[in-house]
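Colleague: kindly generate the corresponding structure for this input.
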Amino acid sequence: MKIIHETGYSREECEQYRPVVYSNTIQSLMAIIRAMGQLKIDFKDSSRADDARHFFTLASAADEGELTPELANIMKRLWNESGVQHCFR
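Modeller: Okay, here's the model as predicted:
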């Protein structure tokens, strides 16, 4: 509502919400990858299965709302994978 009816978020407010957005993004990708297993959707590129395992390890070890460059790169590769996209849709 603030974006629509007011001037939007200040820079400080955006910085404050960044960890929440990161955490939600990480949790959502985790849910998609778990659903792939339940729905029997495979990764088209088998190296993405290794990325998925590494993603869960890194995400579990990271502080809440932290997105390291390594974690971000793995998430990008996973998100661009056709099996992940198929499950998302």
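
Colleague: how about the helix or strand in which residue 25 is found, which residues are buried there?
Modeller: Under the criterion of DSSP states H and E, residue 25 resides in helix 11-38. Across helix 11-38, burial judged by 16 or more other CB atoms under 10 Å covers 22, 23, 26, 29, 32, 33, 36. Backbone N, C-alpha and C define where each C-beta goes, glycine included.

Colleague: reformat the residues you listed as a markdown table; add distance to residue 49.
Modeller: Conversion of these to a markdown table gives the following (distance: CB to CB, whole Å):
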| residue | distance to residue 49 |
| --- | --- |
| 22 | 24 |
| 23 | 24 |
| 26 | 18 |
| 29 | 14 |
| 32 | 14 |
| 33 | 10 |
| 36 | 10 |
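
Colleague: still on that earlier bit, from the middle of its chain, how far away would the helix holding residue 25 be?
Modeller: Relative to its parent chain, helix 11-38 has a centroid offset of 5 Å by CA atoms, centre = their mean, to the nearest Å.

Colleague: give me the angle between the next helix or strand after it and helix 11-38.
Modeller: Reading on from helix 11-38 to the C-terminus, the next helix or strand found by DSSP H and E is helix 47-61. Relative orientation of helix 47-61 and helix 11-38, computed by axes from the mean of the first three to the mean of the last three CA atoms, to 10 degrees: 130 degrees.

Colleague: ok, and for helix 47-61, which residues are buried?
Modeller: Counting neighbours by 16+ other CB under 10 Å, helix 47-61 gives 48, 49, 51, 52, 55, 56, 58, 59 as buried.

Colleague: what does it contact?
Modeller: Applying CB atoms under 8 Å, 6 or more residues apart in numbering, the contact partners of helix 47-61 are 26, 29-30, 33, 43, 68, 70-71, 74-75, 77-78, 81, 83-84.

Colleague: run the last query once more with 10 Å
Modeller: 23, 26-27, 29-30, 32-34, 36-37, 42-43, 45, 66-68, 70-78, 80-84 (CB atoms under 10 Å, 6 or more residues apart in numbering).
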